[in-house]
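Asks: Build me a model from this:
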Amino acid sequence: MAGDHDIPLGAHPVAEKRRRGRPRKPDTLTNAQRQAAFRARQKAADKSVTVTKNEHDELVRECERLRKELAKAREIAKPRVRMSSVGEPAASAVLVQQVPADEAESDDKRLLVTMNGREFFSLQRLEAHYGLPKRAVLERLIWWADRSVVQSFEHDDAAFHRYLNRITKNR
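Replies: Numbering: from 1, shown residues only. Next comes the predicted model:
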């Protein structure tokens, strides 16, 4: 009775013997393959590349040519600054003149300024040289700077209006 029953075994036979440890990945290299790849990398890294004198000279000439082009481009892009001899009065001439009267008759405003020591001593020297109070020196120089900027716009009305209508902290 016990021998009547057949116990079914697995339908597929064992094709490969099971190995110990972790199963191998399909792209793994053997130790010999890894060593050969390492030697090939080391051999390629040891090869030095020599540059002939002619190629080096060509590269140097190309660098010099590019530097000259860059200098020309910077010269063209540099903003044009008016010289004081081209109709603009120098700062010394401005400090001697009176500032034109304020047509709007606006009230005086208080200005607290913190400045570097160099500029502070420059202001003191200007004050002593021209015999003016600090307020007069600052007013005249600010008027001169503003006038120079306005005159630099010439016929560019859009830039002039952007300059006048610039939003500040107080507006």
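
Asks: ok, residues contacting the worst-scoring helix or strand of the chain on mean pLDDT?
Replies: Scoring the helices and strands of the chain by mean pLDDT, DSSP states H and E places helix 91-96 at the bottom, with a mean of 74. Residues outside helix 91-96 that contact it (Cβ atoms under 8 Å, 6 or more residues apart in numbering) are 126, 130, 132, 137, 140, 141, 143, 144. All C-beta atoms are positioned from the backbone trio N, CA, C, and that covers glycine.

Asks: Could you chop this structure up by domain?
Replies: What automatic domain parsing lists as the domains of the chain is 50-79, 91-101+112-164.

Asks: Turn the ones you listed into CSV, including mean neighbour count and distance to residue 19.
Replies: Formatted as CSV, the domains of the chain follow (neighbours: other Cβ atoms under 10 Å; distance: least, Cβ to Cβ, whole Å):
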stretch, mean neighbour count, distance to residue 19
domain 50-79, 9, 50
domain 91-101+112-164, 12, 79
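
Asks: Would you reformat these as TSV and include distance to residue 23?
Replies: Listed next are the domains of the chain as TSV, based on distance: least, Cβ to Cβ, whole Å:
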stretch	distance to residue 23
domain 50-79	49
domain 91-101+112-164	73
